[in-house]
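A.B. asks: build me a model from this:
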Amino acid sequence: MLRPTAKSRRKFIRSTITLGAAGAAMPYWFLGADARADKTSAKNDRPNVGVVGVGARGKYIAKWAAKFGEIVAVCDVDLRRVEKAKAVFDGRPAAYQDFRRLLDRKDIDVIINGTPDHWHTAINLAACRAGKDVYTEKPLTLTIDEGKLLCKVVEQTGRIVQVGTNQRSERCCQTAVELVRNGRIGKLKQVWVALPYYSTKGGPFPKQQPPAELDWNLYQGQAPEHDYCRQRTHRTFRWWYEYAGGIVTDWGNHHVDVAHWGIDCESSGPTSVETRGLFPNPPRPDCYNTPDRFFCRMKYPNGVELLYFSSLNERAVCGEVGEHTRTSPEQIEWLFGKEAPEEIKGFDRNGIMFIGGQGRVFVNRGGVYGAAVEDLKANPLPSDGWRVYPSTDHMANFFECVKTRNRPCAPVQVEHRSVTACHLTNISLRLKRKIAWDPVRQQIVGDAEANAWQKRQQRKPYLVNG
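C.D. replies: Purely as a prediction, here's the structure:
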């Protein structure tokens, strides 16, 4: 069999996109509450799912969602990704390049959002307003103001929105939080949140012509207009402030979320944030522009201190980046300051360390460690002790909540607060000063310039607003 040419593949995809959605029977998910409560696995009782953003991560969560629903549509601004996603599902889903056409379909019940960060909120808002429930990748938002708006719209529309902070469904993280919240390490004093040291050394990158299959204008969306280079797309979009928040928000929304869970401030946040960071590239428009090493000190209303930092000796790469930049002793001293524990300066793993008056618990995706963990077998938590929301499969929890209309284990109201702490870290870092935050009013105190950074200037017509 002859392999199709790139031209013929593009012609096929574009023709598929123009077909739109065929009329469909009223899906199971639109039936009454009594019918929804019936747990059945019959194919026609599964919700119809549309996937927006089908890069590497998008395809992964789409395959995960396919265990619980029917993938009937896939969408990406890059038609090459659309073609690959269709192949994953044997060519069955309808194809789209513009998510708005996908949302027009009345037969789609659920949206899986695997787009870059700067598109998360716009698509989540549009999906909620179109009557769809949403599983969205993290970080939840690009700005603090986006989070406030999304919380408001989710409340108004009554949609189920699960954020992909899947550590909430991992037993090791649940165990750590339960130990801390039940006092097994004494009164909580300090939390360390360590992220990997992902190198962002890269550039200058040459200006290129966008591929014919990529809608570069739509990809940029609300972000400022720039010349195309392939490093601005796909995996390495994370290292540009135009589209993301760097490692601070990318891994940060995961680990800070677990820290907030243990601190018991899921509906609150820090009162002060002070950050320093190291940028490996010169400030040029053709270089990655996020830091790869940082240290942040946050204070919380209950007296807990959170130390948030890059683990200098756990080095990782994502996409095409240069070598890790050596951090000199003088830079380490400046970055962490004299008051930071020496252990932090040489940390060689990522994860969350809870430090109490009677011990420590450390957790990451590899497991949970500490004397309190070892003591559990002989001294289990009491039956009336505090317990986390029971979830063992993040996607399964979402689809179950779509059915029951119960709150999911990672709701936007909680994850907005987690990523807000990450956004505040970036604001402090970029302004090079300490900021005070009022977690009740959700405002930066006494600093109008810093407070203005809760939002970003948006490019028309891709405005994210109420």
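A.B. asks: only C-alpha atoms for contact and neighbour calcs from this point on.
C.D. replies: Noted.
A.B. asks: can you tell me the closest non-neighbouring residue to the residue positioned nearest the centre of the chain?
C.D. replies: Among the residues of the chain, the one closest to the centroid is residue 138, at 1.2 Å (Cα atoms, centre = their mean). Distances taken as Cα to Cα, 6 or more residues apart in numbering place residue 164 nearest to residue 138, at 5.4 Å, with adjacent residues excluded.
A.B. asks: surely the one you found meets residue 114?
C.D. replies: No - look at residue 164 against residue 114 with Cα atoms under 8 Å: they stay out of range, at 9.6 Å.
A.B. asks: can you show me the CA trace of stretch 226-234 as PDB?
C.D. replies: In PDB, the C-alpha atoms belonging to stretch 226-234 read as follows (Å, rounded to 0.1, in the frame of the first residue of the first chain):
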ATOM      1  CA  HIS A 226       5.800  37.300  17.700                       C
ATOM      2  CA  ASP A 227       7.600  35.800  14.800                       C
ATOM      3  CA  TYR A 228       7.300  32.100  14.600                       C
ATOM      4  CA  CYS A 229      10.000  29.700  15.700                       C
ATOM      5  CA  ARG A 230       9.200  26.100  16.500                       C
ATOM      6  CA  GLN A 231      10.600  26.400  20.000                       C
ATOM      7  CA  ARG A 232       7.600  28.500  20.900                       C
ATOM      8  CA  THR A 233       5.200  25.600  20.400                       C
ATOM      9  CA  HIS A 234       4.600  22.100  21.700                       C
END
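A.B. asks: average pLDDT across it?
C.D. replies: What stretch 226-234 shows for mean pLDDT is 96.
A.B. asks: next one: stretch 187-194
C.D. replies: On average, stretch 187-194 scores 98.
A.B. asks: just the CA coordinates of it, formatted as PDB?
C.D. replies: Extracted as PDB, the C-alpha positions of stretch 187-194 are listed here (Å, rounded to 0.1, in the frame of the first residue of the first chain):
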ATOM      1  CA  LYS A 187       2.500  21.200  65.000                       C
ATOM      2  CA  LEU A 188       3.300  22.000  61.400                       C
ATOM      3  CA  LYS A 189       6.000  24.700  61.200                       C
ATOM      4  CA  GLN A 190       7.500  24.700  57.700                       C
ATOM      5  CA  VAL A 191       7.000  23.100  54.300                       C
ATOM      6  CA  TRP A 192       9.600  22.700  51.600                       C
ATOM      7  CA  VAL A 193       8.400  22.500  48.000                       C
ATOM      8  CA  ALA A 194      11.300  21.400  45.700                       C
END
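A.B. asks: quick one: distance of that stretch to the chain centre.
C.D. replies: Offset of stretch 187-194 from its chain centre (Cα atoms, centre = their mean, to the nearest Å): 22 Å.
A.B. asks: okay, residue 164 and residue 114: which has more neighbours?
C.D. replies: Taking other Cα atoms under 10 Å, residue 164 and residue 114 do not tie; residue 114 has more neighbours (27 against 24).
A.B. asks: immediately after the helix or strand bottoming out on mean pLDDT in the chain, which helix or strand?
C.D. replies: None of the helices or strands of the chain scores lower by mean pLDDT, DSSP states H and E than helix 33-36, at a mean of 31. Sequence order places strand 48-52 as the next helix or strand after helix 33-36, per DSSP states H and E.
A.B. asks: find the nearest non-adjacent residue to residue 153, please.
C.D. replies: residue 125 is the one closest to residue 153 (Cα to Cα, 6+ apart), at 6.9 Å.
A.B. asks: which helix in this protein has the most residues?
C.D. replies: For the chain, the longest helix by residue count, based on DSSP state H, is helix 412-431.
A.B. asks: so what's residue 146 closest to, chain neighbours aside?
C.D. replies: Distance criterion Cα to Cα, 6+ apart; nearest residue to residue 146, sequence neighbours excluded, is residue 121 at 6.5 Å.
A.B. asks: kindly report the same for residue 402.
C.D. replies: Nearest residue to residue 402, sequence neighbours excluded (Cα to Cα, 6+ apart): residue 160, at 6.1 Å.
A.B. asks: show me what contacts that neighbour?
C.D. replies: 133, 134, 154, 398, 401, 402, 405, 406, 407, 408 (Cα atoms under 8 Å, 6 or more residues apart in numbering).
A.B. asks: residue 462 too?
C.D. replies: Residue 462 touches 221, 222, counting by Cα under 8 Å, 6+ apart.
A.B. asks: what's the separation between it and residue 123?
C.D. replies: Going from residue 462 to residue 123 by Cα to Cα, to the nearest Å gives 11 Å.
A.B. asks: and what of residue 362?
C.D. replies: Taken as Cα to Cα, the span from residue 362 to residue 123 is 36 Å.
A.B. asks: please pick the buried ones from the contacts of residue 160.
C.D. replies: Using 16 or more other Cα atoms under 10 Å as the burial test, the contacts of residue 160 include 133, 134, 154, 398, 401, 402, 407, 408 as buried.
A.B. asks: surely the fourth one is within a helix?
C.D. replies: What that stands for is residue 398. Yes - looking at residue 398 with DSSP: H, G, I helix; E, B strand; the rest coil, it is inside a helix.
A.B. asks: my guess is it meets residue 159, correct?
C.D. replies: No - taking Cα under 8 Å as the definition, residue 398 is not a contact partner of residue 159, at 11.5 Å.
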